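Chemist: Predicted model follows, preceded by the sequence.
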Amino acid sequence: MAKEKTKKTKGFGYRFTHNKAAMIGLIILVLELLVFFIGPSVYPIDPNQAGAGGFNAAPDAAHILGTDTLGRDCLSRLLYGGRTSLFIGISAMAISVLLGSVLGLLAGYFRGACEAIVMRLADIFMSFPTTILALVLVAVVGPSIGTVIGVIGVLGWPGIAKLLYGNVIATRNQEYVEASRIMGMSNFRIIMRDILPNSITPLLMAMPFRMSQAILTESSLSFLGAGIQAPQASWGNIIYAAQNLTVFTMRPWIWIPPGLCIIVTVVAINLLGEGLRAAMDPKSAK
């Protein structure tokens with residue numbers, strides 16, 4: 001009886017909270033959110049104020065991470081850049097999930113012409129390198145936070161759509177779905193009540209990975225000069241300064257902190273995603 005009771009208590013919450021890697025990732029992300037969104041009020045230095053602490057000044061008591069080529073405080077720009085990069089990652093992920101979910105559900109449930117159009121569009125989008133296509137689209141529309149979020153979000157929908165499409169195909173002919181059709185329920189109600197709840201688990205597992213991909217794509221675009229534009233800070237455009245050989249070799253305090261932030265954030269998100277996958281699908285973790 002005791003063994004049986006223990007097995008029953010080991011549900012999703014138990015498996016997730018007892019996954020050490022997932023907990024480490026979650027703690028890192030929570031700490032980052034606190035630091036990047038509360039930090040600027042504790043460290044109230046204008047990230048765009050030029051020349052206040054001297055140019056290319058090494059870290060000291062007044063400027064903990066030193067100053068950049070224009071004399072702006074590097075720690076302040078790192079904090080505001082963290083806000084920007086995380087906001088872009090979350091927003092772009094939300095757009096990808098929303099767009100991909102709708103198209104994947106429609107293609108998998110209705111099949112026929114809808115399936116052919118959505119899947120071929122997904123194949124076309126996935127045939128182009130994401131960064132190159134994003135560079136072209138941003139160059140055409142013009143770089144801004146809205147543009148970067150929109151472009152990354154739209155380019156991320158094919159993977160989500162294909163993932164959900166496969167699960168809908170496996171679900172649409174189940175007996176409970178057929179029973180709903182016989183009862184005369186509308187397609188919309190069947191999709192929302194029967195199809196989506198039973199197909200959403202892989203989607204939830206994919207969301208953290210999509211967010212980390214969005215952060216990396218934004219950083220790549222900003223590093224190439226086509227993403228977030230100065231004076232607004234993001235981790236990518238802070239590292240952009242490292243293209244200068246003098247900055248890269250002589251002023252590591254300018255580019256190493258944002259580089260570490262990108263690495264730590266992406267690793268933490270991926271650890272969280274792996275923890276969700278293992279908790280939702282215990283068989284895959286064996």
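Modeler: It's in. Numbers count the residues shown, from 1 in each chain.

Chemist: so where's the longest helix in this protein?
Modeler: For the chain, the longest helix by residue count, based on DSSP state H, is helix 74-110.

Chemist: Okay, buried residues for that helix please.
Modeler: 74-89, 91-97, 99-101, 103-109 (16 or more other Cβ atoms under 10 Å). Heads up, the C-betas are built off the backbone N, CA and C, glycines and all.

Chemist: how far is stretch 110-126 from where the chain is centred?
Modeler: Relative to the chain's own centre, stretch 110-126 is displaced by 24 Å; criterion: Cα atoms, centre = their mean, to the nearest Å.

Chemist: Next one: the residue nearest to Asp46 when sequence neighbours are not counted from Gly39, what distance?
Modeler: Leaving aside its chain neighbours, Asp46 sits nearest to Ser76 (6.9 Å; criterion: Cβ to Cβ, 6 or more residues apart in numbering). From Ser76 across to Gly39, the span is 9 Å (Cβ to Cβ, to the nearest Å).

Chemist: Look up how far Asn237 lies from the residue nearest to Asp46.
Modeler: When Ser76 is compared with Asn237 (using Cβ to Cβ), they lie 14 Å apart.

Chemist: Grab the nearest non-local neighbour of the residue nearest to the spatial centre of the chain.
Modeler: Centroid-nearest residue in the chain: Met211, 1.1 Å away (criterion: Cα atoms, centre = their mean). Using Cβ to Cβ, 6+ apart and skipping residues adjacent in sequence, the residue nearest Met211 is Met93, 4.2 Å away.

Chemist: what residues are up against that neighbour?
Modeler: Met93 makes contact with 153, 156, 207, 210-211, 214, according to Cβ atoms under 8 Å, 6 or more residues apart in numbering.

Chemist: now do Gln213
Modeler: Applying Cβ under 8 Å, 6+ apart to Gln213 gives the contacts Gly156.

Chemist: So which residues of the stretch 51-200 of the chain form helices?
Modeler: Shown for the stretch 51-200 of the chain, the helices assigned by DSSP state H, counting those that start in this stretch span residues 74-110, 112-126, 130-141, 145-155, 157-171, 175-182, 187-190.

Chemist: Quick one: mean pLDDT for stretch 220-234?
Modeler: Average pLDDT, stretch 220-234: 84.

Chemist: next one: stretch 94-103
Modeler: Rounded mean pLDDT across stretch 94-103 is 93.

Chemist: repeat for stretch 167-176
Modeler: Here the average pLDDT along stretch 167-176 is 85.

Chemist: Specify which member of the contacts of Met93 is nearest to Ile200.
Modeler: Met207 (10.3 Å; Cβ to Cβ).

Chemist: What I need now is the helices of the stretch 51-200 of the chain written out in CSV, including distance to His63 for each item.
Modeler: As requested, those are exported to CSV (distance: least, Cβ to Cβ, whole Å):
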stretch, distance to His63
helix 74-110, 7
helix 112-126, 44
helix 130-141, 32
helix 145-155, 26
helix 157-171, 42
helix 175-182, 62
helix 187-190, 57
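
Chemist: residues contacting the closest residue to Leu164 other than its chain neighbours?
Modeler: Nearest residue to Leu164 in three dimensions, chain neighbours excluded: Gly104, at 3.3 Å (Cβ to Cβ, 6+ apart). Contact partners of Gly104, counting by Cβ under 8 Å, 6+ apart, are 118, 160-165, 168.

Chemist: Adding distance to Ala278 and neighbour count, write these out as TSV.
Modeler: Listed next are those as TSV, based on distance: Cβ to Cβ, whole Å; neighbours: other Cβ atoms under 10 Å:
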residue	distance to Ala278	neighbour count
Val118	30	24
Ile160	20	25
Ala161	24	26
Lys162	22	19
Leu163	18	18
Leu164	21	27
Tyr165	24	24
Val168	24	22
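
Chemist: Out of these, which is nearest to Ala134?
Modeler: So of the contacts of Gly104, ranked by how close each gets to Ala134 (Cβ to Cβ), first place is Ile160, at 16.7 Å.

Chemist: Quick one: residues contacting the closest one.
Modeler: Counted by Cβ under 8 Å, 6+ apart, Ile160 has contacts 96-97, 99-101, 104, 203, 206, 210.

Chemist: same check, this time on Gly81
Modeler: Gly81 touches 47, 233-235, 237-238, 258, 261, counting by Cβ under 8 Å, 6+ apart.
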